[in-house]
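*Asks:* Could you work out the structure for the sequence below:
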Amino acid sequence: MDLGGYIRQARRLPLKVILRKAARLAVRTGRARLQLASDVAKGSYSGKTPGLNPAARIAIVAADIPADLVDTLRTLSGHYLEHRFDLLGSGWVRPAYRFEAPGFLGRRYAPGGPAAPGKAGAGLEAVVNRSNVPRASEIWSLIAGPGYKPVDWQLDFRSGYRWSAQTPSLRLSIPTDAGADVKVPWELARLQHLPQLALCAILANAGAAGFAPAARYVAEISNQLADFLATNPPRFGVNWIGAMDVAIRAANIALTLALLRGAGLELPAAICAVVAGSLDEHARHVIEHLDYSETGRSNHYLANLGGLVWSNWALVGDEVERRLVFAVAALLNEAELQFLSDGGNYEGSTNYHRLSGETVLFSLAVIASLTESALSRMERMDAPRNAWRGGFPVLPLPRHRDVRDGRGLIAPALLSKVAGAVRLSRAVQGQDHTIVQIGDTDSGRFFKLHPALIPGQQEPVENTLDHRGFIAAGGAFFGVPDSATFDAMLVTRLFRNGFAIPPEAPIDDFGDIDVLLAQWDAAPEEARRVRRLPFSPSLAARSWARAAFPDFGLYVFRNKDRLVAFRCAGAPPPNAPRGHRHDDNLAIEYRLGPQDRRDPGSYVYTPDANLRNRYRSAQAHDVPRLRGVPLTRFGDPLFDLDEIAHARCLCWRADAVAGEVSGPFGSILRIVRFTSDALEIYDCTAGGTLEEISAAEPVARGYGRL
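*Replies:* Here you go, the predicted structure:
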């Protein structure tokens, strides 16, 4: 958050809260400086080697892995074994040291930085800071087998910009408007390909055709972990800047270990001890750097908690259980806060909705799997000596049904919100397996268990706008298993007794479409327009399936492969962050065969400020606007949106939906009506002239990819 964002947040808080926050900030700053001095002088590796939790195993056999995923893994694993990655529109490249990047948005940085470390660790002193070289060398020595090609984890391999693991993360900056994108190394360093390699090992161990021997995949996981942990010491380099990415990486390491151990495919003992120690370091870093505030908590904080649940579930020890009981209690509370009563996420983005939904769902699956004895041990923990942000929970944790294991911790209200979250993702998922992109899209995931590929490509390209994995995992959570996706299989294997799906609260029809059309007809000619998009073949006007999410602000009509989505959002909750919202109120997306207008997504964030703002502006959307009257202000920061006015839905019926934005400027009305042979869009204003509908922007197929 920028300084202006902190000031705006502070204005909403009581004075005593501001003073308390200032005092705590001073304490955290002091601790961070002491930690930094110690890290630079003595090294940042802790040297602790906690034990691995024997219960943290997920038993998967080859028959559990869907056939299409087997084919996908057969293709992707060849790239991963060669250290080739396609992330955020990069294309398949191998980010080696001194890699010559193709450039991005007209900016290309010349190859720089150190040479790759040698097999015996020669050259590591040019990669990591001096105090960390001894431990980094020990870890590097665990890379086994000839021909391993090191990965440059500090590199944006689209633009060529490189950070340094010799520099403390606190002292690194994120370039803005320079073509460089910090999200590229962060995305790679989440290590979300390692669980996929674990599945390859399971398939290979069962004799599946087209795979290398199982030992090859286990060795590759071991080597990549040793490579990463040796060249990314805690709190140094780009990949320890944000606690969110540290948490997601920890969760993926924990999942990889659980899959391998569940299949009897253990990593070598030496690397296993290093990885256990690193999981502990990851968990301690996250809990000491939580993305927490009294207001405005986002998917970052949810990811912190999800990473803590998974990483501490994988370990044993008193401090581990103390962190785990905190994470469980905090995640249960935070999930209820960040998801609205209709299941929509309060950040106002369908793709961040999926990211937060996955984080909650997969973490709830771990929570539900906790035994009564495990909970009993956790609930005997005292609060930490130095208080964590967010506060330690009052123990024992509340139970919501007559069940003493982890299932009893999950409140009925939260179950209803999770069910609603799954319904929303299902509603916006088109038949072409791409969702309606409301708000920002950064292609972020908690796990990438079942990559969906775009058909017809020469090389595999992941469709990051496909929400089917999350939808299926939600089905499994509520006892409706879906063997077609591995996401669902993972949930089923974590806990077998799915929850009963809560009933959906019906939304009654309301509003008089004839009255609204009369209002439109009475507007001056320059203040109104109508567009008619014909259907071929014709459809019964009331034959569309509907889904309404009034709290999130989205109304969806579907008829086979045809989809119409109407954005009509009221004011978000006062505590909701607004950095991922767009100027899209009263926007329409329609997929009617040859008639197709889609929300273009986000494309990029920091590499180009103009593109960032262009894609979130009203001009990027099919919206009615009053000429010369903006409804939002961007200001300077790239992650804030000041909304001057909000919308209210005036009509919701089988053949129509309508909404209005009003304020001192007057009002803007949009009516969407279905007839048997056309979609009709009526716009009018009171108080001025209608702005022309802007031409469509190129639709981003996920972050960084047009």
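
*Asks:* From now on I want contacts and neighbour counts done on CA atoms only, so please keep to that.
*Replies:* Fine.

*Asks:* Enumerate every residue touching Gln177.
*Replies:* No, residue 177 isn't Gln; it's Asp. Asp177 makes contacts with Thr606, Pro607, Asp608, Ala609, as judged by C-alpha atoms under 8 Å, 6 or more residues apart in numbering.

*Asks:* quick one: which of the residues you listed has the most company?
*Replies:* Pro607 (23 neighbours; other C-alpha atoms under 10 Å).

*Asks:* In this model Lys183 seems to touch it, though I could be wrong.
*Replies:* No. Using C-alpha atoms under 8 Å, Pro607 is not in contact with Lys183; the gap is 9.8 Å.

*Asks:* wait, doesn't Ala178 sit right on Tyr109?
*Replies:* No. With contacts defined as C-alpha under 8 Å, Ala178 does not count as touching Tyr109, sitting 10.1 Å away.

*Asks:* just to revisit the earlier point, with respect to Pro114, which of the contacts of Asp177 is nearest?
*Replies:* Pro607 (24.1 Å; C-alpha to C-alpha).

*Asks:* List phi and psi for that closest one.
*Replies:* phi -60, psi -30 (degrees, to the nearest 10).

*Asks:* Find the nearest non-adjacent residue to it, please.
*Replies:* Gly179 (4.1 Å; C-alpha to C-alpha, 6 or more residues apart in numbering).

*Asks:* can you tell me which of the contacts of Asp177 are in helices?
*Replies:* Judged by DSSP state H, helices contain the following of these: Ala609.

*Asks:* Output the contacts of Asp177 as JSON lines; include the columns pLDDT.
*Replies:* Below are these laid out as JSON lines (pLDDT from 0 to 100):
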{"residue": "Thr606", "pLDDT": "97"}
{"residue": "Pro607", "pLDDT": "97"}
{"residue": "Asp608", "pLDDT": "97"}
{"residue": "Ala609", "pLDDT": "96"}
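
*Asks:* Tell me the one of the contacts of Asp177 nearest Ala658?
*Replies:* Ala609 (33.2 Å).

*Asks:* Kindly provide the distance from the closest one to Asp584.
*Replies:* Distance, Ala609 to Asp584, using C-alpha to C-alpha, to the nearest Å: 19 Å.

*Asks:* just Arg33 next, same as before
*Replies:* Arg33 is 43 Å from Asp584, by C-alpha to C-alpha.

*Asks:* what about those two, which has more around it?
*Replies:* Under the criterion of other C-alpha under 10 Å, the comparison of Arg33 against Asp584 puts Asp584 first, with 25 against 12.

*Asks:* Mind telling me what element the more buried one is part of?
*Replies:* Per DSSP states H and E: Asp584 is located in neither a helix nor a strand.

*Asks:* what do you get for the one 5 residues further on?
*Replies:* Under the criterion DSSP H and E, the helix or strand holding Glu589 is strand 588-592.

*Asks:* so what pLDDT did the spatially closest residue to Asp382 that is not a sequence neighbour get?
*Replies:* Distance criterion C-alpha to C-alpha, 6+ apart; nearest residue to Asp382, sequence neighbours excluded, is Arg322 at 7.3 Å. Arg322 carries a pLDDT value of 98.

*Asks:* give the contact list for Arg322.
*Replies:* Met378, Met381, Asp382, Ala383, Pro384.

*Asks:* what do you get if the cut-off is 10 Å, keeping everything else the same?
*Replies:* Asn312, Arg377, Met378, Glu379, Arg380, Met381, Asp382, Ala383, Pro384, Phe392 (C-alpha atoms under 10 Å, 6 or more residues apart in numbering).

*Asks:* What is the burial count for the last one?
*Replies:* Neighbour count of Phe392, defined by other C-alpha under 10 Å: 18.

*Asks:* what does the first one give?
*Replies:* Close neighbours of Asn312, defined as other C-alpha under 10 Å, add up to 29.

*Asks:* I'd like the next helix or strand past the strand or helix carrying it.
*Replies:* Following DSSP H and E, one finds Asn312 within helix 299-313. Per DSSP H and E, helix 299-313 leads on to helix 318-338 as the next helix or strand towards the C-terminus.

*Asks:* just how off-centre is the very next helix or strand once past that following helix within its chain?
*Replies:* Later in the chain than helix 318-338, the nearest helix or strand by DSSP H and E is helix 350-369. Relative to its chain's centre, helix 350-369 lies at 10 Å (C-alpha atoms, centre = their mean, to the nearest Å).

*Asks:* Same check on stretch 144-151?
*Replies:* On C-alpha atoms, centre = their mean, the centre of stretch 144-151 falls 31 Å from that of its chain.

*Asks:* ditto for stretch 152-170
*Replies:* 22 Å.

*Asks:* do the same with stretch 370-388
*Replies:* 28 Å.

*Asks:* what do you get for stretch 339-346?
*Replies:* Distance, centroid of stretch 339-346 to centroid of chain: 16 Å (C-alpha atoms, centre = their mean).

*Asks:* Would you work out how far apart the start and end of it are?
*Replies:* End to end - C-alpha to C-alpha - stretch 339-346 spans 6 Å.

*Asks:* and if you look at stretch 374-393?
*Replies:* Stretch 374-393 end-to-end distance (C-alpha to C-alpha) = 17 Å.

*Asks:* what mean pLDDT does that stretch have?
*Replies:* 95.

*Asks:* how about that stretch: buried residues?
*Replies:* Leu375, Met378, Glu379, Met381, Ala383, Trp388, Phe392, Pro393 (16 or more other C-alpha atoms under 10 Å).
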